[in-house]
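A.B. asks: Return atomic coordinates for the entry below.
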Amino acid sequence: MVEKVIIDEKILAGKPIIKGTRISVEFVLELLSSGMSVQEILQEYPHLKKEDILAALAYATKVLKKEEIYITA
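C.D. replies: Numbers count the residues shown, from 1 in each chain. Below you'll find the model as predicted:
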C-alpha cells in the first residue's frame, strides 16, 4: 500500500505525495487531524481513493517506526 506514496523532487520539493496527484502525505494527515473524516476528504478531493488515505497513514507510520529518539541529560 505504501507504494501509492512516492517522492519526486520535481513535485512539492520532494515531499512524499499520493502517486498521480500533488497531494502530500502531510496534507492528508493535516486533514485527518483537523477532524475531517475519510468520507469528507473523499468528497472534497474526489480524485483520491480510500486506499490513498490509508497509504498516507501507512507511510507516516513506517517513517515514525524508523525514528530514533536520543534522550540527553
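A.B. asks: Okay, helices next: where are they in this structure?
C.D. replies: Taking DSSP state H as the test, the helices found in the chain are 25-33, 38-44, 50-66.
A.B. asks: beta partners of the closest residue to Asp52 other than its chain neighbours?
C.D. replies: Excluding its sequence neighbours, the residue lying closest to Asp52 (Cβ to Cβ, 6 or more residues apart in numbering) is Ile18, at 4.7 Å. C-beta: built from backbone N, CA, C; applies to glycine. The partner list for Ile18 in beta bridges (DSSP bridges) reads Val5.
A.B. asks: Ile18 contacts Glu26, correct?
C.D. replies: No: between Ile18 and Glu26 there is no contact under Cβ atoms under 8 Å: 11.0 Å.
A.B. asks: Which one's more surrounded, the two?
C.D. replies: The residue with more neighbours, out of Ile18 and Glu26, is Ile18; 24 against 14, by other Cβ atoms under 10 Å.
A.B. asks: any idea how far the more buried one lies from Thr72?
C.D. replies: According to Cβ to Cβ, to the nearest Å, Ile18 and Thr72 sit 37 Å apart.
A.B. asks: same check, this time on Ile11
C.D. replies: For Ile11, the distance to Thr72 - Cβ to Cβ - is 37 Å.
A.B. asks: before we move on, what about Lys50?
C.D. replies: Taking Cβ to Cβ, one finds Lys50 at 42 Å from Thr72.
A.B. asks: Show me which of these two is the more surrounded one.
C.D. replies: Taking other Cβ under 10 Å, Lys50 and Thr72 do not tie; Lys50 has more neighbours (11 against 3).
A.B. asks: List the contacts of the more buried one.
C.D. replies: Val38, Leu42 (Cβ atoms under 8 Å, 6 or more residues apart in numbering).
A.B. asks: per-residue pLDDT, it?
C.D. replies: On the pLDDT scale, Lys50 is placed at 97.
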